[in-house]
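*Asks:* Dropping the sequence and predicted coords here.
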Amino acid sequence: MSQKKTEKLIDENDIRLDGRKFNETRPVKIEVGILGNADGSAYIEQGKNKILAAVYGPREVHPKHLALPDRAVLRCRYHMAPFSVQERKSPAPSRRELELSKVIRESLEPSIFTEYYPRTSIDLFIEVLQADGGTRCAGITVASLALADAGIPMRDLVSACAAGKVEGRLVVDLTDMEDKAGEADLPLAYMSNENAITLLQMDGMLTGEEFEQVVNLALEGCKQLGQIQKEALRAKYVVTKDVEAQGEKEEVEEGEE
Amino acid sequence: MVSTMASRVRQKRIAQLISRGKRLDGRELADYREVQVETGLIERAEGSARVRLGKTEVLVGVKFEMGEPFPDTPNEGVLTVNAELVPLASPTFEPGPPDENSVELARVVDRGIRESKAIATEDLVIEPGKKVFVVFVDVYVLNHDGNLIDASCLAALAALLNTKMFNYEVKEGEVKIKPGYKPLPIRNYPVAVTFAKFDDKLVVDPWLEEEQVMDARLTMTVEKDGKICAIQKGGYGYFTAEQVIEASKMAMQKAEEQRKLVVKE
């Protein structure tokens, strides 16, 4: 992974190239329910990442023999648009995309009550429109919201965030450049209600102590993202609430969140 | 007749025993199955190894080809890892293009070798930016009885240590093969340790029936100095933060034991 470094990624004041501190995630913008046809959808911008997620289902399984008698099958496709990266990516699914589709599915399945919908499928599509490092994490974060938007019963939202080691320092939410030039990258997905880590991967080199610290950094990042996720989910419904409130002014609740 | 799933009664028994710190096959929770390593059994390959981990059996062959380096690493040879879940290895494996399980297996083996910089790829350059050696590591699963990742990683390492490169010289841009061989330059020894999670218990080296009952699995690859160089979580369950840290500590200890089986120094 070591490449010739044209510029330093972290300056002498511990500020990163894009102006962030070591424990600061990139600015995040999320919108829920933005696609017309999907049962649930969401869009996320995290730094330069731009990712769409859509959910169809629970619906009939095709082909039928894949149906499970006691629960829904969750199917997931993570896919990058050909124009999402510097060098055009072939639209055919790569081995990387195959693996990521699998780990993303496994990171979200623990959050869903699949047993409520036997013999059906829940199909999840993640399209990376622009990539700048950490797309599997941002993909999980946005996909979890799309599932919630589809009204699928869930134990908790899943939030995901990476942390790693860049130029000897431990940092959260790596950009593509930090990932490529850095020493380690550890994506992690988390359900805070359950204290459950549902995705954990790492490449690079970390000592045992560094590993512990990096896991904690990533967990902190997940918690921050979890707050933003909840706000984004509520934002979709706030308007309806205001309309109601205008109709019956006396019934305006106090202490609403 | 091999059944593809353990019966319900058996599954329940496996889980019950583990909750009491015991295992159906008599192992301790942190024990590996017996490991057998043989090297050099495929003469046509530049390197080969077969690892038996209990009844799990994996054969790895290493082959060379001449090719172009990646544009961003003109001074390094290329490593390519592929895994085949051959249909003869299990009633659940089907012929056809690699499915996500074999892709994942290959990528986890690849990650350990690549991130620990096990192969000195800068020694595989014939003409910088133009011609390099491509090292193909092909993982062939022959019998599936659980924990394919650890068996494959160990077999891949044993095969790389067994690999011989032919001598060559470059004359007017042409590569000429000379008599004699030299070993492939290896400078790190990554070893994968896989855990299965059953509620609050972590079990090392799950066999097939345990894999059918486990909540989730976690693989940690540890290099020779005890640093972690690759991690992969799999399965539909989850781990707590405390379990993840516990696994990392146990992995370092277990990797050291397993490494001694293939690296004789």
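*Replies:* That came through fine.
*Asks:* can the helix or strand hosting A:E210 be found next to chain B?
*Replies:* In this structure, A:E210 sits in helix A:208-247 according to DSSP states H and E. Yes: on the criterion Cβ under 8 Å from any Cβ of the partner chain, helix A:208-247 is in touch with chain B at A:G208, A:F211, A:E212, A:V215, A:N216, A:L219. From N, CA and C alone the C-beta is placed, and that goes for glycine too.
*Asks:* For the chain, which segments are assigned as helices?
*Replies:* All of this is about chain A. All helices of chain A, identified by DSSP state H, fall at A:95-108, A:135-149, A:176-181, A:208-247.
*Asks:* that's the wrong chain, I meant chain B
*Replies:* For chain B, the helices defined by DSSP H cover B:8-19, B:100-115, B:148-161, B:208-213, B:241-262.
*Asks:* Leaving out the residues flanking it, which one is nearest to A:I15?
*Replies:* Nearest non-adjacent residue to A:I15, counting by Cβ to Cβ, 6 or more residues apart in numbering or on different chains: A:K21, 6.8 Å away.
*Asks:* That neighbour against A:D14, yeah?
*Replies:* Yes: the criterion here is Cβ atoms under 8 Å, and A:K21 meets it with A:D14 at 6.7 Å.
*Asks:* thinking again about what came up before, pick the most deeply packed of the helices of chain A.
*Replies:* Highest mean neighbour count among these (mean count of other Cβ atoms under 10 Å in any protein chain shown): helix A:135-149, with a mean of 28.
*Asks:* Make JSON lines from the helices of chain A and add mean pLDDT to it.
*Replies:* Output for the helices of chain A, formatted as JSON lines (pLDDT from 0 to 100):
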{"stretch": "helix A:95-108", "mean pLDDT": "98"}
{"stretch": "helix A:135-149", "mean pLDDT": "98"}
{"stretch": "helix A:176-181", "mean pLDDT": "95"}
{"stretch": "helix A:208-247", "mean pLDDT": "87"}
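*Asks:* out of these, nearest to B:E256?
*Replies:* Nearest of those to B:E256, taken as Cβ to Cβ: helix A:208-247 at 12.8 Å.
*Asks:* tell me what that closest one is packed against?
*Replies:* On a contact count with 3 or more Cβ pairs under 8 Å, 6 or more residues apart in numbering or on different chains; DSSP states H and E, helix A:208-247 meets strand A:28-32, helix A:135-149, strand A:159-166, strand A:169-172, strand A:184-191, helix B:241-262.
*Asks:* Show the contacting residues for A:I122.
*Replies:* Contact analysis of A:I122 by Cβ atoms under 8 Å, 6 or more residues apart in numbering or on different chains lists A:55-59, A:72-75, A:112, A:114, A:147, A:150, A:152.
*Asks:* Show me what it bridges to in the sheet.
*Replies:* A:L74 (DSSP bridges).
*Asks:* how much space is there between it and chain B?
*Replies:* 13 Å (Cβ to the nearest Cβ, to the nearest Å).
*Asks:* give the contact list for the nearest residue to B:E209 once chain neighbours are set aside.
*Replies:* Of all residues not flanking B:E209 in the chain, B:A6 sits nearest, at 4.2 Å (Cβ to Cβ, 6+ apart). B:A6 sits next to B:I14, B:E209, B:Q212, B:V213 when contact means Cβ under 8 Å, 6+ apart.
*Asks:* neighbour-wise, which of those residues leads?
*Replies:* Neighbour counts for these (other Cβ atoms under 10 Å in any protein chain shown) peak at B:I14, which has 24 neighbours.
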